[in-house]
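> here's a sequence, model it:
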Amino acid sequence: MLRGPGEQHMTRNYAIVINLGGNMLVAARKGWYALRDKFHVEYISSRSSCPHITLSAGNCTLPETDVVGLVKEIAAGVRSFEISGRGLGIFVLETPLVYVRWVLSGELNDLYAMFHGSLKGIWGELETSYSPEMWLPKTTLAFRDISYDQLPKVLAELQKFEFAQPMLVQKLSLLAFGEQGESLIETIQI
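Prediction:
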């Protein structure tokens, strides 16, 4: 849909994600619940619609229906495939970021490249961590409301869940995100 002269759309932040499924979804949700209930760590789980792997994220001024259409068009060529979780990882930042690591297989890298390449032209500003030089397939479990003092106990608790297992990629979602967290716009079965 083309905009008429003077017609403006507000800038909105979007992310295209792989939804976790099967046993990996169960493990991630159990991890989120344990973090919330035992450590009061819920910044990520309270702001996210579902544990996921982000493929691309940025802001744009296109109408939401155009963004949905573009994502569906790209996803139409995607077939289900298997990826492998490889346990937990930690980024050492101001507060630790605890995440599920994923093997960057050829198929996963191709999926990332397809969405990144197709969407980089619509993003007014690309989120830095999703640029080709920086992107790492991960599912964030804890960030911001976790401390380094808590980290050993948090990791011991999360070790109870199986994050080193395969998962079938079956769904992609378009999320909107902002200060209040994420909201689901559309889920696409592949």
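> can I get stretch 44-54 in PDB? Just the C-alpha atoms.
Provided in PDB are the C-alpha atoms of stretch 44-54 (Å, rounded to 0.1, in the frame of the first residue of the first chain):
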ATOM      1  CA  ILE A  44      12.400 -11.100  30.100                       C
ATOM      2  CA  SER A  45       9.600 -13.500  30.800                       C
ATOM      3  CA  SER A  46       7.100 -10.800  31.800                       C
ATOM      4  CA  ARG A  47       7.800  -8.800  28.600                       C
ATOM      5  CA  SER A  48       7.900 -11.500  26.000                       C
ATOM      6  CA  SER A  49       5.000 -13.300  24.400                       C
ATOM      7  CA  CYS A  50       6.900 -16.600  23.900                       C
ATOM      8  CA  PRO A  51      10.500 -17.800  24.200                       C
ATOM      9  CA  HIS A  52      12.100 -17.300  20.800                       C
ATOM     10  CA  ILE A  53      15.100 -16.700  18.600                       C
ATOM     11  CA  THR A  54      15.100 -13.300  16.900                       C
END
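> quickly list what the residue most central in space within the chain is bridged to.
Centroid check for the chain by CA atoms, centre = their mean gives residue 54 as the closest residue, at 3.0 Å. Beta-bridge partners of residue 54, counted by DSSP bridges, are residue 17.
> my guess is it contacts residue 16, does it?
Yes. Using CB atoms under 8 Å, residue 54 is in contact with residue 16, at 7.4 Å. C-beta coordinates here come from the backbone N, C-alpha and C atoms, glycine included.
> what's the biggest strand in the protein, counting residues?
strand 81-91 (DSSP state E).
> where exactly do the helices run in the chain?
Read by DSSP state H, the chain holds these helices, from start to end of the chain: 22-39, 43-47, 64-75, 106-119, 151-158.
> looking at those helices, which is closest to residue 165?
For the helices of the chain, the distance to residue 165 is smallest for helix 22-39, at 6.0 Å, taking CB to CB.
> how big is the angle separating that closest one from strand 81-91?
Put simply, helix 22-39 runs at 20 degrees to strand 81-91, going by axes from the mean of the first three to the mean of the last three CA atoms, to 10 degrees.
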